[in-house]
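Asker: structure for this input, please:
(2 chains)
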Amino acid sequence: MTNKSSKASTIVFRLALADLRHEWILSLCLMLAIAAVIAPLLLLMGLKHGTITTLRHELIQDPLFREIRPVKTREYASDWFARQAGMEQVEFLIPTILAASSIISVVRPGSRRSLIYDLVPTRAGDPLLLENGGVSPAEGECVLTDAGAKTLGVKAGDHIKVRATRIRGGRRESGAADLQVVAVLNPRASALNRLYAPLEFVLDVESYKEGLAIPARGWPGGTPRPPPSFDGMLVLLPEALRPVQETGLVINTGLTGIERADAALFLQRTGLRLPEGFTLYDLKTSQTAVQLSSYRAVRDKLRGKGALVLPYVRDLRLELPTGSSIGLAGLSLSADQMKRLGLAPLPWGALRESPPAASLFRILAGAQRQDGELLAEYREGAAGTLKFPLRVSGTTFGELALVPAELAGILRTARQRKVTYSEEHGDFLLQRGGFRGFRMYTRRIDDVPPMVDRLKSSGVDVIARIEAIERVRVLDRGLSRIFWLVAVVGISGGIAALIASLYAAVERKQHELSVLRLIGLSRNQVFMFPVYQGAVLAMLSLLLAITAYFSLAAVINFVFSADLDLGEKICQLPWHYLSASVVATATVAVLSSLLAAWHTTSIDPGEALRYE
Amino acid sequence: MPETDAKSDHSGSSISADRLIEIRNLVKVRRQGGVEFELMVPAFTLAGGSFAALVGESGCGKSTLLDLLALVLQPTSCERFLFQNPAGETLWSADDVMALWQSGDEDALAGLRRSRLGYVLQSGGLLPFLTARQNLRLPLNINGGEDGYERLEKLAQKMGIAGLLSKKPRFLSGGQRQRVAILRAMVHRPALILADEPTAAVDRARARAIVDDFRRLAVEGGSSVIMVTHDPQLVEKLADATWTFHVEQSGDQLTRSVCVPVNQ
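Answerer: Numbers count the residues shown, from 1 in each chain, chains lettered A, B, ... in the order given. From the prediction side, this is the model:
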């Protein structure tokens, strides 16, 4: 039965085809009319797709458009990096260091003058390098930006000498390294003098700048003892300062405020009584901490005025093994200075840049304590409770236990940074507390906006070239809307033409169709006659339209080829668009033929007999 | 279709073996513009392999009878409307056409029209978009009788149209067109060929020749023919049986026509 009906369908299809061929002029007119609707639509779709693809291609090609960087400096823990790098959209993520630490001097070959370069960490897979004609530098190698290479007059393969500089103990020091330039980047990567080196090298430079030794590179320096920091400084002077002198103390010292203070404050800060004959000033900063550099600056400015400078830390407490808790003050003065305060000399003496451990871990405790070792606990550390030994070296002179000011300063630093006590070194160590920034690249440009939103909502303020991406998206949406508007109008016209033509054809061929019914084709088989005709006409029209599209697209692409990169096309359609247009045209054609097809069902076989 | 079984099933039927059609007391009422037309067929029979003519003026109901015989018009009422093929086998399991109409079995009626009937239309009824040959092959294609192509060529020879087969109908003369139409009606060997004024558009001499060939080939092929004509002379010597209509006007609103045989 199925076989029989499919045979009948073949007969009807052949009859429909023969009819179209018989009336080929009418068929051709209708085909041209429909092709005239489809071809411009294909062209419009091709132009839209080609334009957007070209624009997107330009964005995709440049990794800068996939770059996400933080706006502000803050600390990112290592597990933060691990979490982000694990995300599917993230192609590449690398930590960066503080801008102040990422400055490196590069010596121009054959000259002794050095230039300041921006040192940027990189590692394997960095799209900024790989997509700009670079390679990932290995240890002992670096990559320069185009501007950076031109300034130096070097090219890939040349060797350059770089120097990390620091001031330690008042002396200018530098650590040098010889690097081979393995690549020079495309100019679009950056217009600045930049030097890309492996992350390990950059971290070593950072550590060196913080005063540490890098034995592997032969760079001398200290152990990573945390630098002391203070809440403020007390200054004792035999005579009051003139206002201009007061102002002088907050200029270029890293301090922001100076106030006269009284004995009560002195007692509160040091636990000591303020002797007669001194004027007391409290120097403060609005920044987070007073560094040793500020101490040195103030001390130097007051040289010869008989001033005592006492950096202080507020509210220091230590827990002792006995379960008691004691308040502390830091005080480091020479024996002479102590004498001026009317006190006995301190066992550790005056304040030093880096006192040996032996004179750092000492305490003048309450009268009830015997001299000897005790294990103190400091509970305010950012990295948890800090346990370290203290040697009790006498009895305090005041209401608070006294420790060297350097120790007090380190404990204050421990409130903010990761400080541990190493029994092996017998000293405090400053741990790397994560990184201060990052450079991230997403896989696709479309990943950037959601990634930026995600980072922002997690509290990380970032910048990215979203506007450029968003512009293309807005353009895409706009063009799509225009396309669909034009398409709806055009397709409606095409449908109307097809419906009218097929309906009129059935009207005209009533006699022929009734003859078909009379010689035995069923109502359903004759129903298919206009359906087949509509589908065949539409497919032929589409073929014509596609031919027209390709010819016009070739012309357009040729005209615009001068303005585009090789392989880019302003007018192009992917194959799946074309196959979709085949399906859409066939569907529309069959739907359009249904009215005509329905009309055939009213045709009776008897009409053929009564036809005059 | 086990036709031998069908034969035994209907062996008790009162229809005689040589009768292709038997109609008794058929009435068809048609209304048009408030005027009623009633066709009555008290008794109509057609012997297998015979050539019958329906003769009458226009408006006498001969076309209506042809529609009824062509199975495209349903009788208003009918006591008996049976078909048999010349071998005496029933043509369909339910041999009662009236029963098919009443059960609304349109597919069965279409099937019968397709395989057992052939039609020659007044205008020819050829499909203009097919060549003469394609027109002739169409009934064979629809009935799955592609093996009849060769026979078709021979019949075309006998009909004198062998040289015209690759032409489309509009390039044929009226007479040639009717010859193609007649051939198309018989090429699939139907039991019955119905022809409605097949020679209306041709002059009498030519018409005679066409009808002559028509009769000869139909009989050779084993098909019966019922031909409608307004011209009794055309079929005078050829028809095995002739039927005509007695029309009477019963008042303003009703015209009654009765189909009766003409005794030769």
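Asker: ok, whatever residue of chain B ends up closest to chain A to residue A:522 distance?
Answerer: Going by CB to the nearest CB, chain A is nearest to residue B:114 of chain B, at 2.4 Å. From N, CA and C alone the C-beta is placed, and that goes for glycine too. When distance is defined by CB to CB, to the nearest Å, residue B:114 is 9 Å away from residue A:522.
Asker: ok, residue 208 - how many residues close by?
Answerer: Because you didn't say which chain, this covers chain A. 23 (other CB atoms under 10 Å in any protein chain shown).
Asker: actually chain B
Answerer: Residues near residue B:208, counting by other CB under 10 Å: 17.
Asker: low pLDDT regions in chain B?
Answerer: The model of chain B has pLDDT under 70 over residues B:1-18, B:85-95, B:264.
Asker: can you rerun that using 80?
Answerer: Chain B contains residues with pLDDT under 80 at B:1-19, B:32-33, B:58, B:83-96, B:105-108, B:145, B:200-201, B:251-252, B:263-264.
Asker: am I right that residue A:599 is in a helix?
Answerer: Yes: membership of residue A:599 in a helix is supported by DSSP: H, G, I helix; E, B strand; the rest coil.
Asker: residues of the helix or strand hosting residue A:45 that come out buried?
Answerer: Residue A:45 is part of helix A:24-61 when elements are defined by DSSP states H and E. By neighbour count on 16 or more other CB atoms under 10 Å in any protein chain shown, the buried set for helix A:24-61 is A:27, A:30-31, A:33-54, A:56, A:59-60.
Asker: same check, this time on stretch A:147-159
Answerer: Those would be A:147-149, A:152, A:154, A:158, for stretch A:147-159 by 16+ other CB under 10 Å.
Asker: list the buried residues for stretch A:359-371?
Answerer: A:359-365, A:369.
Asker: if I look at residue A:507, how far off is residue B:157?
Answerer: Residue A:507 is 39 Å from residue B:157, by CB to CB.
Asker: which of the three states applies to the residue of the stretch 451-600 of chain A at minimum distance from chain B?
Answerer: Nearest residue of the stretch 451-600 of chain A to chain B (CB to the nearest CB) works out as residue A:520 at 2.4 Å. Assigned state for residue A:520: coil (three-state reduction, three-state DSSP).
Asker: can you report how many residues neighbour it?
Answerer: Residue A:520 has 23 nearby residues by other CB under 10 Å.
Asker: and what of residue B:250?
Answerer: 10.
Asker: what of the one 5 residues further on?
Answerer: A count of neighbours around residue B:255, defined by other CB under 10 Å, yields 19.
Asker: excluding its backbone neighbours, what's nearest it?
Answerer: Distances taken as CB to CB, 6 or more residues apart in numbering or on different chains place residue B:37 nearest to residue B:255, at 5.0 Å, with adjacent residues excluded.
Asker: go through chain A and flag its longest helix.
Answerer: helix A:466-508 (DSSP state H).
Asker: any part of that helix near chain B?
Answerer: No: if you take CB under 8 Å from any CB of the partner chain as the test, helix A:466-508 misses chain B, and the best it gets is 10.7 Å.
Asker: does anything pack onto that helix? Which helices or strands?
Answerer: Using 3 or more CB pairs under 8 Å, 6 or more residues apart in numbering or on different chains; DSSP states H and E, the elements in contact with helix A:466-508 are helix A:24-61, helix A:448-457, helix A:523-560, helix A:575-600.
Asker: output the lowest mean pLDDT helix or strand found in chain A.
Answerer: helix A:606-610 (a mean of 74; mean pLDDT, DSSP states H and E).
Asker: against which helices or strands is that one packed?
Answerer: So helix A:606-610, by 3+ CB pairs under 8 Å, 6+ apart, packs with helix A:510-518, helix B:62-69.
Asker: what angle do the longest one and helix A:523-560 make?
Answerer: Pointing back at helix A:510-518 there. 130 degrees (axes from the mean of the first three to the mean of the last three CA atoms, to 10 degrees).
Asker: roughly how far is helix A:510-518 from the heart of the chain?
Answerer: Relative to its parent chain, helix A:510-518 has a centroid offset of 74 Å by CA atoms, centre = their mean, to the nearest Å.
Asker: same deal with the last one?
Answerer: Centre-to-centre, helix B:62-69 and its host chain are 9 Å apart (CA atoms, centre = their mean).
Asker: got a list of contacts for that helix?
Answerer: A:606, A:609-610, B:21, B:26, B:28, B:30, B:37, B:39, B:41, B:54-56, B:73, B:75, B:192, B:194, B:196, B:226, B:228, B:245, B:259 (CB atoms under 8 Å, 6 or more residues apart in numbering or on different chains).
Asker: okay, buried residues for it please.
Answerer: Quick answer for helix B:62-69 (16+ other CB under 10 Å): B:62-69.
Asker: the helix or strand following that helix: how far from the chain's middle?
Answerer: Remark: after helix B:62-69, the chain's next helix or strand is strand B:77-83, criterion DSSP H and E. Distance of strand B:77-83 from the chain centroid (CA atoms, centre = their mean) equals 17 Å.
Asker: CA atoms only: put the helix or strand following strand B:77-83 into CSV for me.
Answerer: Using DSSP H and E, the helix or strand that follows strand B:77-83 in sequence is helix B:97-103. What follows is helix B:97-103, C-alpha atoms only, in CSV (Å, rounded to 0.1, in the frame of the first residue of the first chain):
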residue,chain,number,x,y,z
VAL,B,97,-22.7,0.3,-6.7
MET,B,98,-25.5,1.7,-4.7
ALA,B,99,-24.1,0.1,-1.6
LEU,B,100,-20.7,1.7,-2.2
TRP,B,101,-22.3,5.1,-2.5
GLN,B,102,-24.4,4.7,0.6
SER,B,103,-21.4,3.6,2.7
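Asker: need the residues that contact helix B:97-103.
Answerer: By CB under 8 Å, 6+ apart, helix B:97-103 touches B:71, B:74-75, B:78, B:80-83, B:92, B:94, B:108-109.
Asker: if we can go back for a sec, next, format the buried residues of stretch A:359-371 as a markdown table and append pLDDT.
Answerer: Formatted as a markdown table, these follow (pLDDT from 0 to 100):
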| residue | pLDDT |
| --- | --- |
| A:359 | 84 |
| A:360 | 86 |
| A:361 | 89 |
| A:362 | 89 |
| A:363 | 90 |
| A:364 | 88 |
| A:365 | 84 |
| A:369 | 73 |
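Asker: relative to residue A:96, which of the residues you listed is nearest.
Answerer: For these, the residue nearest residue A:96 by CB to CB is residue A:360; the value is 33.3 Å.
Asker: OK, contacts around the closest one?
Answerer: A:348, A:404, A:406-407, A:410, A:427.
Asker: ditto for residue A:151
Answerer: Taking CB under 8 Å, 6+ apart, one finds A:115, A:193 in contact with residue A:151.
Asker: again, only this time at 10 Å
Answerer: A:106, A:108, A:115, A:117, A:144-145, A:193 (CB atoms under 10 Å, 6 or more residues apart in numbering or on different chains).
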